[in-house]
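> have a look at this prediction, sequence included:
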Amino acid sequence: MNMVRTGVVTHPSQWPASGYNEIQNRPKRKGIINIDQLLELLNIDQYQSLQQLHRQWVEEELQRDRLQRVPTWSESIAVGSEAFVEQTKEQLKSSAYHLKSKFVDGRYILKEPETIYQVYLPSKKGRLRLENSYFWRDSTLNT
């Protein structure tokens, strides 16, 4: 939905590398999404049921025009159960030793503290945002 939100496409199916397409057209080889695990996590018995529900969920969100960015999801390293977040932190090893999981809006999150971005990317907002970045094609190093 990010590419829809940013206006690159009008429907997630139009973005070839989207998760939408991977769920709707299960790859013959390995994909990024573990469909079997997703079915289990959602307690869905059949792949066709997942496809139908997924299409329905996406269409509902598009009709409701709920395309705004949700910081909990877009600014976090991991979101989910306490066990999932802690497992993710453990897998990141030393790069995440200083991070602490927090309980926010009914779920656990793991994210970098904003102060890190304020030190390395000083700006009015102090976050990684489009206005705080530049594109490689615009760089003087790319000449």
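Done, it's in. The shown structure was predicted, so the numbers you read here are calculated from the model rather than taken from an experiment.

> list the buried residues for whichever strand or helix holds S49?
Counting by DSSP states H and E, the element that carries S49 is helix 47-64. Residues of helix 47-64 classed as buried: L50, Q51, H54, V58 (neighbour count, 16 or more other CB atoms under 10 Å). Using the backbone N, CA and C atoms, a C-beta is placed for each residue, glycine as well.

> and the next element down the chain from it?
That would be, after helix 47-64 and using DSSP H and E, helix 71-74.

> so which residues make contact with whichever helix or strand comes after that next one?
The first helix or strand that comes after helix 71-74 along the chain, using DSSP H and E, is strand 78-80. Strand 78-80 has contacts (CB atoms under 8 Å, 6 or more residues apart in numbering) with T72, W73, F84, V85, T88, K89, R107, Y108, I109, L110.

> how about stretch 90-98?
I77, T88, K89, L110.

> next one: stretch 61-72
So stretch 61-72 is contacted by M1, V4, R5, H11, V79, V104, D105, R107, I109 (CB under 8 Å, 6+ apart).

> so the third one versus E60, what's the distance?
Think R5. Distance of R5 to E60, computed by CB to CB, to the nearest Å: 15 Å.

> and if you look at the last one?
I109 sits 25 Å away from E60, going by CB to CB.

> can I see the domain layout of the chain?
Domains of the chain are assigned by automatic domain parsing as 2-64, 71-131.

> now those as a markdown table including mean pLDDT?
Converted to a markdown table, those look like this (pLDDT from 0 to 100):
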| stretch | mean pLDDT |
| --- | --- |
| domain 2-64 | 88 |
| domain 71-131 | 74 |
